[in-house]
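[1] Below is the sequence, then the predicted model.
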Amino acid sequence: MKWLRPRLRTLRARLTAGLLVLLAVGCAAVGGAAVIELNGFLTERLDQQLSAAGSAFPASIEHPGAAPDSGGTGNDHDGDEHADTRRQAAGTLGVYERDGRVVDAAVVRGDDDPAGLTADLSAADRRALAAVPVDGRGHRVDLSALGDYRVMAWAGRDGDTLMTGLPLRGVEDAVRRLELVAGGVFGIALVGAGITGALWVRWSLRPLSRIAGTATRVSELPLASGEVALPARVPDTRPRSAEVDQVTLAFNRMLGHVENALTQRQRSEERLRSFSADASHELRTPVASVRGHAELALLHPGPVPPEVTRALERIAAESGRMGAMVDDLLLLARLDAGRPLEREPVDLTRLVLDAVADARAVGTEHRWALRLPEEPVSVGGDAHRLQQLLANLLANARHHTPAGTSVTVGLDRDTDGTAVLTVTDDGPGIPRELQDHLFERFVHGGGPRGAEGGGTGLGLSIVAAVAEAHGGSVAVRSEPGATTFTVRLPRG
């Protein structure tokens, strides 16, 4: 039955199968009751015939030529050489038994030859007949020579036993015919009920199909980005089905709740982006001013105490770091706002060469390698942002791997024209629990990958934002000794 399981996974199939099973059980119960009742009725009629026939036929076997007396024993008459088969149905069995042993038995042939025929009984048949109780009630006996019989036994006046039997073939044929007719009718009824039930269930479950279709359309919407308009609600089905109506109302309420939550989240994100952009823009000037004053103080020609010089240097360094963070936040705010980037042909090969050359100049303690295709790789996009993407990836590899680490930058083009940029290092790897959150904002990759600590935690989030703004993607695969960042950019 395992092959049925895949076909019964849908609710429609299960409901239809359940209806058919219930109908089949009902048909089997009705058919079984009808067969049992018919068999009992015909058997009772057969017992009545045996009781009416009495012991006349077996008595004529004991006394050939005798006619039945008023008592039906037929033992007080002179006979001739043949058993008396008058008024006996064809197939009637007469048995004469004495001292628990069958002495003689005969069967009525038919209307064309009314004479009794001696029954050729086997030893097992004689034992089965001898075991029939003398109680004037019908009993079933299976005779190998004659078939199934219904027999009734009476005590004779000479201490013997007289037994009359009628064949059960007619009863069995009638019961078998009823079984065939009932099976055919019920089979046709099951087929018709299956087709009708499947159509009815399909029609009744149409609202659920509409709910599933609406849910599928909602699942395909970009709910994580921007303002989203949910599809129309599922139409009300009342008064077709109370249960389906409850599901429809609950689903529509859920859609309304989700839509309200998305609207509020969108408004909150817009306010947050606006604040981040405004704050970043307003902070650029005071940060630059602090840095400028610190550098100006360091240029003072007069004598300055060493501790003051050190403080001024730290102010200049931290203000420069803060300025870089403000620039990064401002860039992310602009990308979040969906501001369009420049779209022009960009020679990605040239950008990679320049970025690796800059990284070699800054990170002399690392070993840098290039893997470029023979033909230049070009994409459509913003050259400045793509250069920033490359710089952040290489800076991430430089800051978070120890000295002596080999970093390989590869560039290739996929079969569909997509540019594939990879940055691979043989450093200690990224902890697995950090990999799923690596491209989120303010996630620092400190720990075993870096001796200098993390930066602002915005570098890789800018890489992801720039890649997505170009219609591409970024992914990471890391284990000890092999960490690879893969950026895929469409042809543009």
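    Now that the structure is in, tell me what you want to look at. Note that the structure is predicted; figures quoted are calculated from it, not measured. Numbering: from 1, shown residues only.
[2] Next, find the distance separating residue 157 from residue 135.
    17 Å (Cβ to Cβ, to the nearest Å). Any C-beta I mention is one placed from the backbone N, CA and C, and that applies to glycine too.
[3] Residue 458 too?
    105 Å.
[4] Which one's more surrounded, those two?
    More crowded of residue 458 and residue 135, by other Cβ atoms under 10 Å: residue 458, with 22 against 11.
[5] Check that one and give its pLDDT.
    With respect to pLDDT, residue 458 scores 79.
[6] And the next helix or strand past the lowest-mean-pLDDT helix or strand in the chain?
    In the chain, the helix or strand scored least confidently by mean pLDDT, DSSP states H and E is strand 113-118, which has a mean of 56. Once the chain leaves strand 113-118, the next helix or strand it forms, by DSSP states H and E, is helix 123-130.
[7] export that next one as CSV, just CAs?
    The C-alpha trace of helix 123-130 is given here as CSV (Å, rounded to 0.1, in the frame of the first residue of the first chain):
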residue,chain,number,x,y,z
ALA,A,123,-17.5,-44.6,3.8
ALA,A,124,-17.0,-41.0,4.8
ASP,A,125,-20.4,-40.1,3.5
ARG,A,126,-22.0,-42.9,5.5
ARG,A,127,-20.3,-41.8,8.7
ALA,A,128,-21.4,-38.2,8.1
LEU,A,129,-25.0,-39.4,7.7
ALA,A,130,-24.8,-41.7,10.7
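[8] Could you tell me the angle between the helix or strand following that helix and helix 123-130?
    As assigned by DSSP H and E, the chain's next helix or strand after helix 123-130 is strand 139-143. Between the axes of strand 139-143 and helix 123-130, defined by axes from the mean of the first three to the mean of the last three Cα atoms, to 10 degrees, the angle is 170 degrees.
[9] Neighbouring strands - and their directions - for strand 139-143?
    Here strand 139-143 is paired, per DSSP bridges, with strand 147-155 (antiparallel).
[10] What ranges in the stretch 301-450 of the chain fall below the confidence cut-off?
    Across the stretch 301-450 of the chain, the ranges flagged by pLDDT under 70 are 334, 336-340, 444-450.
[11] let's go with 90 and repeat that
    Applying pLDDT under 90 to the stretch 301-450 of the chain flags the ranges 301-343, 362-363, 374-375, 381-385, 388, 392, 396, 399-400, 414-417, 429-450.
[12] ok, which stretches of it are helices?
    306-336, 348-362, 383-399, 432-435 (DSSP state H, counting those that start in this stretch).
[13] any idea which of these is most buried?
    Mean neighbour count (mean count of other Cβ atoms under 10 Å) peaks for helix 383-399 among those, with a mean of 21.
[14] Output the contacting helices and strands for that one.
    For helix 383-399, the packing partners by 3 or more Cβ pairs under 8 Å, 6 or more residues apart in numbering; DSSP states H and E come out as strand 344-347, helix 348-362, strand 406-413, strand 419-425, helix 459-469, strand 482-489.
[15] Relative to residue 167, which of those is closest?
    Taking Cβ to Cβ, strand 482-489 is the member of the helices and strands packed on helix 383-399 nearest to residue 167, at 88.6 Å.
[16] domains for the protein, by residue range?
    1-53+168-204, 54-167, 217-339, 344-489 (automatic domain parsing).
[17] how about these in JSON lines, adding distance to residue 211?
    Below are the domains of the chain laid out as JSON lines (distance: least, Cβ to Cβ, whole Å):
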{"stretch": "domain 1-53+168-204", "distance to residue 211": "12"}
{"stretch": "domain 54-167", "distance to residue 211": "61"}
{"stretch": "domain 217-339", "distance to residue 211": "5"}
{"stretch": "domain 344-489", "distance to residue 211": "32"}
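[18] Excluding chain neighbours, what is closest to residue 353?
    Counting by Cβ to Cβ, 6 or more residues apart in numbering, residue 370 is the residue found nearest to residue 353 once chain neighbours are left out, at 7.4 Å.
[19] The one you found: what's it in contact with?
    Applying Cβ atoms under 8 Å, 6 or more residues apart in numbering, we find residue 370 in contact with 352-353, 356, 408-410.
[20] Residues in a beta bridge with it, which ones?
    Counting by DSSP bridges, residue 370 forms beta bridges with residue 409.
[21] what's the spacing between it and residue 351?
    12 Å.
[22] go on, residue 124?
    Taking Cβ to Cβ, one finds residue 124 at 104 Å from residue 351.
[23] For residue 10, find the nearest of the helices of the stretch 301-450 of the chain.
    Closest to residue 10 of those, according to Cβ to Cβ: helix 432-435, at 38.7 Å.
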